[in-house]
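Participant: okay, predicted coordinates and the sequence, questions at the end:
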Amino acid sequence: MIGGGHGLAVTIRAVREYAGRTTAVVATADDGGSTGRLRSGMALPAPGDLRRCLVAMAGAEDHPLGQALEYRFGGTDVEGHALGNLLLAGLAAVTGDFLAATDEVARLLGVDPSHARVMPATTDPVQLRATTLTGEVITGQVAVSTTEGISRVNLVPPGVKAPDGLSTEVRDADQIVLGPGSLYTSILAAAVVGDLREAVRTSMAQRVYVCNLRAEAAETRGYDVARHVAALRDHGVEPDVVLVQANGQLKLGDVGADVVIADMARPHGMAHDSTKLAVALAGLL
């Protein structure tokens with residue numbers, strides 16, 4: 001699984017229902033909120049999406065430790081910070097190793113590393129940079145998320161790599177799930193890491209893109225399903241199968257890949273349902 005934010009957490013819950021071994025690859029370019037405040041004072045990859053994905057991988061949303069990691073302080077010097085972000089930042093400072101910090105939080109949550117792992121797409125502190133169709137360059141994930149007409153995104157500094165062993169896990173997978181989530185600021189923010197993108201390209205796994213339920217207000221305004229897939233291709237990511245919500249808000253367009261239509265939305269239609277998504281993804285294998 002590759003992505004970030006709430007979308008990847010939903011996919012984690014889905015894949016846990018049918019997969020024997022699960023690896024979640026999380027984007028680390030976020031610069032907003034608690035994450036951005038921590039990164040402004042520390043040379044740190046973004047911890048926020050990793051925190052959310054670790055809790056999802058452990059199935060700990062209703063457990064005290066999982067709830068504590070998601071807890072945001074109010075009325076104190078650390079107001080607005082999530083405890084999990086602070087814990088990841090502190091462990092990274094103590095160990096000098098952001099991946100080790102991630103693995104330690106997974107251990108605290110009871111995640112069995114022989115069956116599941118959450119890994120940052122890169123442990124280098126990176127920023128997301130976008131180039132628009134008019135040639136304008138936008139730096140910072142929050143700024144990119146509010147930008148229309150994106151033609152390309154990349155990470156700065158260039159040449160960053162995935163953690164040791166991650167590319168091998170991706171190449172050896174049976175199924176690679178991209179999304180759902182923000183196209184440029186979640187999915188591609190992870191997938192453009194050079195050796196990770198190459199591992200996705202050369203893997204014999206089934207590459208599945210779970211398309212969003214709707215276009216976003218800025219970064220994918222006016223996109224149909226085909227335009228989402230075209231953006232992936234423009235960045236060297238070629239899906240084998242595209243999962244699309246039945247009777248959804250997005251028009252299909254000329255996708256140029258196998259399209260599977262399925263009901264994957266929660267009753268309110270605003271987000272994917274992890275159980276429905278599990279059925280759809282397992283049915284592709």
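Facilitator: Nice, I can see it.
Participant: give me the mean pLDDT for the helix or strand containing residue 8.
Facilitator: Per DSSP states H and E, residue 8 falls inside helix 5-15. The pLDDT scores in helix 5-15 average 95.
Participant: how near is residue 218 to residue 147?
Facilitator: Per C-beta to C-beta, to the nearest Å, residue 218 is found 6 Å from residue 147. Any C-beta I mention is one placed from the backbone N, CA and C, and that applies to glycine too.
Participant: helices of the chain, residue ranges please.
Facilitator: Ranges of helices in the chain, per DSSP state H, are 5-15, 33-41, 48-58, 64-70, 83-95, 98-108, 141-145, 166-171, 188-191, 194-202, 225-234, 274-282.
Participant: among those, which is nearest residue 134?
Facilitator: Distance to residue 134, taken as C-beta to C-beta, is lowest for helix 141-145 among the helices of the chain, at 14.7 Å.
Participant: now do that closest one: which elements does it pack against?
Facilitator: strand 127-132 (3 or more C-beta pairs under 8 Å, 6 or more residues apart in numbering; DSSP states H and E).
Participant: quick one: strands adjacent to the strand it packs on?
Facilitator: Take DSSP bridges as the rule and strand 127-132 pairs in its sheet with strand 137-139 (antiparallel), strand 150-156 (antiparallel).
Participant: any idea how far it is from the chain center?
Facilitator: Averaging C-alpha positions (C-alpha atoms, centre = their mean, to the nearest Å) puts strand 127-132 17 Å from its chain's average.
Participant: same question, stretch 75-90
Facilitator: 21 Å.
Participant: what residues sit buried inside that stretch?
Facilitator: 81-89 (16 or more other C-beta atoms under 10 Å).
Participant: let me know the closest of those residues to residue 162.
Facilitator: residue 88 (18.1 Å).
Participant: now the closest one, nearest residue through space, not along the chain?
Facilitator: residue 47 (3.9 Å; C-beta to C-beta, 6 or more residues apart in numbering).
Participant: ok, now which ones touch the nearest residue to residue 181 once chain neighbours are set aside?
Facilitator: In space, and not counting its chain neighbours, residue 181 is closest to residue 7: 3.0 Å by C-beta to C-beta, 6+ apart. Contacts for residue 7 (C-beta atoms under 8 Å, 6 or more residues apart in numbering) come out as 179-182, 186, 210, 212, 272.
Participant: repeat the analysis, applying 6 Å as the threshold.
Facilitator: Applying C-beta atoms under 6 Å, 6 or more residues apart in numbering to residue 7 gives the contacts 179-181.
Participant: using JSON lines, lay out those residues together with neighbour count and pLDDT.
Facilitator: Formatted as JSON lines, these follow (neighbours: other C-beta atoms under 10 Å; pLDDT from 0 to 100):
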{"residue": "179", "neighbour count": "28", "pLDDT": "95"}
{"residue": "180", "neighbour count": "26", "pLDDT": "97"}
{"residue": "181", "neighbour count": "27", "pLDDT": "95"}
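Participant: and the closest residue to residue 114 other than its chain neighbours, what's its pLDDT?
Facilitator: Spatially, and ignoring its direct neighbours in sequence, residue 114 is nearest to residue 21 (7.7 Å; C-beta to C-beta, 6+ apart). pLDDT, residue 21: 95.
Participant: try residue 123
Facilitator: With respect to pLDDT, residue 123 scores 97.
Participant: same check, this time on residue 30
Facilitator: pLDDT, residue 30: 96.
Participant: distance of it from residue 79?
Facilitator: 19 Å.
Participant: what of residue 129?
Facilitator: From residue 129 to residue 79 the distance is 30 Å (C-beta to C-beta).
Participant: can you tell me what sits against stretch 217-227?
Facilitator: Counting by C-beta under 6 Å, 6+ apart, 145-148, 150, 183-184, 211, 215, 244, 250-255 sit against stretch 217-227.
Participant: one more pass at 7 Å, please.
Facilitator: 144-148, 150, 182-185, 211, 215, 228, 242, 244, 250-255 (C-beta atoms under 7 Å, 6 or more residues apart in numbering).
Participant: how about it: buried residues?
Facilitator: 218-220, 223-227.
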